[in-house]
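> pasting a predicted model and its sequence here:
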Amino acid sequence: MDVELIRLTKRYGGTLAVDAIDLKVPSGAYCCLLGPSGCGKTTTLRMIGGHETVSGGDVVIGPKAVGDATPAQRGTAMMFQSYALFPHLTCRDNVAFSLRMRGMGKAERRAKAMAMLDLVQMAHLADRLPAQLSGGQQQRVALARALVTGPKVLLLDEPLSALDPFLRVRMRVELKRIQAELGLTFIHVTHSQEEAMALSDLVVVMNAGRIEQAADPRTVFERPATAFVARFIGGHNVITLPDATIAVRADRMRLGAEAGDGAVPARVVAVEYQGTSVHVGLEAEGLSPSGGGASPVTAILSDGAYSARPVALGDVIPLGWDASAAHRLQA
Amino acid sequence: MTDLALPALADAPAKPAAAGLTARTRRARALAYLQAAPMALVFLVFFVVPLALTLMVSFWEYNEYEIIPAFTLQNYADIFEGCLSGSDLCTTARTYLSTLKFCFLTWAFTLLIGFTVAYFLTFHVRSPTTQMVLFLVCTIPFWTSNVIRMISWIPLLGRNGLINDTLRGIGLIDKPIDGLLYSDFAVVLAFVHLNTVFMIVPIFNSMARIDRSLIEAAYDAGATGWQTLWNVIVPLAKPGIAIGSIFVITLVMGDFVTVGVMGGQQIASVGKIIQVQMSVLQFPAAAANAVVLLCAVMVMILTMSRLIDLRKEL
């Protein structure tokens, strides 16, 4: 089911946590709310899920505004950051919990819970208590618990942040698989741009309670709307020119002889070898806004290009970029 | 040749290292015992020895003016005299029933009040400071002695006490209600007043450990407030409930002062029997009664812990 936010606002006393945001998440989309901590992404998620009262505006799920409806009435289910599994219940009883609350009979709810545990490949540990499981296993159980009532929208609050990097990538694949299999709308809060890029159909970049940009990952990366987006998703240099602010992808920077006409002299301050590429940190006096100090710029070169023309710390070399790669940012 | 030499080379430095290790382990172990010694000593002197003496004396003989070291089961036989024969209940059984009744009533009320107060403190009071202040307010009754707290009920509940006077004043009753003071009601009231805090503290303690996101998860799963209370909070507060119950039950079972003061010295209790026997120097009889009481309380506590474990299995 599609989810629409209309001038959704959350105020805590005098502070504005979410500032009249508008957003439309199409049915069956994987949407990531991306932003630094304190940007209002979790508050937005909690308002969608009915865990936070709304100060202004509306949450519309499917055909109707949900108002003060409970999560069950909304057809949403939430997966909590710390998983929030009931420590006194086995995996199966955790998954069956919401069915039990609805008064479903024991045999039926157990069968349903087992089917869900099967989906997340945890059926063999159904009788374990949460304390006897690893972080990744707990997360699978939490996912099964959220899915067991057949919600229309699944809300995930930083679900991967407690996992180690290796497991995080595996669970990412798993989440995407389950979302595609069930055809549900997923709304996933994260502060990792990598996670957002990898998972989503719709990336919503938030900052200070507002949406900076909402688009598919490719658009967000190719054409960041604002300097904040360009900086937050990474891989970009934000350059202030006399007439405009532009973003240039770091891998489209040109060094030395290739730098072209508009090149400015820049000093090499860092060289980081990354395997397939080399990151060169540069400082250019000519690119600083209103002449106030040198602005740092990163150029990403392929390892081949770098080894053909290596640079050393302290070298001053010409720096330029593909004119076609320069993307003008909103003020 | 080298193959043979290698293990020897490897062994040579290993042996002294191992010896050093065991010496260190031994020293660490000795230190651990030393650290535990003061507590063990206190435990031995103030708990194990008195208990052993009580058990010993309970088998001694006594007459009007002396106690005689011996081994007799007469004291126990006296306690249960008539219990196995007559159709009527014997004195001991009746006393135990009365004490158990107080115990059960006090337990039920302190549990209800203690759970409610702890729930309010944990889940309704938002700021930790207010929580701490209110928690300290709960302990105010403990700023003064037991007996004074009981006696202070008398001007309130007495024949011409505040309640009777007020009720008569506004014309609700013609003559004072006698049952307010020196009655079962007064005893239970005082017990609840004295012991509720022993329920509040452990229950509050276990409730404070409940992760708030569990409550949210229950809400997310469609549980109503009562369902969350019964299916999430009560099971997770069970250790606190068990500890509080043990406090209250042991305190009430052994009490003789409260029953004496609030019952107007008219109500029998197990503790009261022991106290009377002590005051007439029938130490062996008192000791035997104490041993029986101890066993009874232990059976109750064991049963309770069994029940709670059983619940966990379901």
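Structure's in. What do you need?
> phi first, then psi, for A:T15.
phi -90, psi 140 (degrees, to the nearest 10).
> and A:L313, what does it touch?
A:V268, A:V269, A:A270, A:V271 (Cβ atoms under 8 Å, 6 or more residues apart in numbering or on different chains). Using the backbone N, CA and C atoms, a C-beta is placed for each residue, glycine as well.
> tell me the mean pLDDT over the helix or strand harbouring B:M300?
Element membership for B:M300 (DSSP states H and E) is helix B:283-313. Taken as a whole, helix B:283-313 has an average pLDDT of 82.
> packing partners for it?
helix B:49-57, strand B:61-62, helix B:74-79, helix B:234-254, helix B:270-279 (3 or more Cβ pairs under 8 Å, 6 or more residues apart in numbering or on different chains; DSSP states H and E).
> show me what counts as buried in that helix.
B:283-294, B:297, B:300-301, B:304 (16 or more other Cβ atoms under 10 Å in any protein chain shown).
> in helices, which of the contacts of A:L313 appear?
Per DSSP state H, helices hold no members of the contacts of A:L313.
> mind checking which of those residues land in strands?
Among those, the residues falling in strands (DSSP state E) are A:V268, A:V269, A:A270, A:V271.
> next, count neighbours for the third one.
Which is A:A270. 12 (other Cβ atoms under 10 Å in any protein chain shown).
> ok, the closest residue to it other than its chain neighbours - contacts?
Distances taken as Cβ to Cβ, 6 or more residues apart in numbering or on different chains put A:G281 closest to A:A270, at 3.2 Å, once the chain neighbours are dropped. A:G281 is in contact with A:V268, A:V269, A:A270, A:V271, A:E272, A:P296, A:V297, A:T298, counting by Cβ under 8 Å, 6+ apart.
> close to chain B: what parts of the stretch 1-150 of chain A are there?
Residues of the stretch 1-150 of chain A lying near chain B by Cβ under 8 Å from any Cβ of the partner chain: A:49, A:51, A:70-72, A:77-78, A:80-82, A:84-88, A:97-98, A:100-102, A:145-146, A:149.
> may I see the PyMOL selection of the buried members of those?
Applying 16+ other Cβ under 10 Å to the residues of the stretch 1-150 of chain A next to chain B leaves a buried subset, and the PyMOL line that selects it is:
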select buried, chain A and resi 49+51+70+71+72+77+78+80+81+84+85+86+87+88+97+98+100+101+145+146+149
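> where does the stretch 51-200 of chain B have low pLDDT?
For the stretch 51-200 of chain B, the stretches with pLDDT under 70 are B:86-87.
> which stretches in it count as strands?
For the stretch 51-200 of chain B, the strands defined by DSSP state E, counting those that start in this stretch occupy B:61-62, B:67-68.
> got those strands as TSV, with distance to B:L112 columns?
Formatted as TSV, these follow (distance: least, Cβ to Cβ, whole Å):
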stretch	distance to B:L112
strand B:61-62	44
strand B:67-68	45
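> highest neighbour count among the contacts of A:L313?
Going by other Cβ under 10 Å, A:V268 tops the contacts of A:L313 with 19 neighbours.
> hmm, it is touching A:H279, no?
No. Checked against Cβ atoms under 8 Å, the pair A:V268 and A:H279 is beyond contact range at 11.2 Å.
> quick one on the thing from earlier: tell me which two of the contacts of A:L313 sit farthest apart.
Using Cβ to Cβ, the contacts of A:L313 span at most 8.8 Å, a distance reached by A:V269 and A:V271.
> could you pull up the residues touching the closest residue to chain B within the stretch 101-250 of chain A?
Nearest to chain B in the stretch 101-250 of chain A, going by Cβ to the nearest Cβ, is A:M101, at a distance of 4.5 Å. By Cβ under 8 Å, 6+ apart, the contact list for A:M101 reads B:A218, B:A221, B:G222, B:A223, B:T224, B:Q227, B:N231.
> and it, how far from A:R92?
Distance of A:M101 to A:R92, given as Cβ to Cβ, to the nearest Å: 15 Å.
> could you do A:M116 as well?
A:M116 sits 9 Å away from A:R92, going by Cβ to Cβ.
> so the two - more neighbours on which side?
Per other Cβ under 10 Å, whichever of A:M116 and A:R92 has more neighbours is A:M116, with 25 against 22.
> can you tell me the closest non-neighbouring residue to that one?
Ranked by Cβ to Cβ, 6+ apart and with sequence neighbours excluded, the top spatial neighbour of A:M116 is A:A144, at 4.1 Å.
> could you give the number of residues near that neighbour?
Neighbours of A:A144 (other Cβ under 10 Å): 28.
> am I right that it is in contact with A:M114?
No. In this structure, A:A144 is not within contact of A:M114 by Cβ under 8 Å, at 9.6 Å.
> how about the nearest residue to B:Y182, chain neighbours excluded?
Excluding its sequence neighbours, the residue lying closest to B:Y182 (Cβ to Cβ, 6+ apart) is B:G264, at 3.1 Å.
> check contacts around B:I177.
B:I163, B:N164, B:L167.
> in helices, which of the residues you listed fall?
Short answer: these in helices (DSSP H) are B:I163, B:N164, B:L167.
> burial check on the first one, number of neighbours?
By other Cβ under 10 Å, 15 other residues sit near B:I163.
> tell me, how many residues neighbour residue 122?
I went with chain A, as the question did not name one. Look at A:M122: counted by other Cβ under 10 Å, it has 23 neighbours.
> wait, chain B was what I had in mind.
20.
> same check, this time on A:V278
By other Cβ under 10 Å, the residues close to A:V278 number 20.
> quick one: mean pLDDT for stretch A:299-319?
Mean predicted confidence for stretch A:299-319 is 86.
> now swap in stretch A:185-201 and tell me
Model confidence over stretch A:185-201, given as mean pLDDT, is 90.
> ok, now stretch A:146-155?
Taken as a whole, stretch A:146-155 carries a mean pLDDT of 90.
> nearest to B:V48 among the ones in strands among the contacts of A:L313?
Minimum distance to B:V48 across these is 70.9 Å, recorded for A:A270 (Cβ to Cβ).
> check whether that closest one really touches A:V278, as I assumed.
No. The pair A:A270 and A:V278 fails to qualify as a contact (Cβ under 8 Å) at a distance of 10.4 Å.
> can you show me the helices along the stretch 101-250 of chain A?
A:106-119, A:135-147, A:165-182, A:193-199, A:217-222, A:227-233 (DSSP state H, counting those that start in this stretch).
> those helices: which one's closest to B:F59?
Judging those by Cβ to Cβ, what sits closest to B:F59 is helix A:106-119, at 54.3 Å.
> residues touching the residue nearest to B:L73 when sequence neighbours are not counted, list them.
Of all residues not flanking B:L73 in the chain, B:F59 sits nearest, at 7.2 Å (Cβ to Cβ, 6+ apart). Contacts for B:F59 (Cβ under 8 Å, 6+ apart) come out as B:A70, B:F71, B:T72, B:L73, B:N75, B:P284.
> next: A:P36.
So A:P36 contacts A:H191, A:N207, A:F232 (Cβ under 8 Å, 6+ apart).
> how many residues are close by B:K238?
B:K238 has 17 neighbours, counted by other Cβ under 10 Å.
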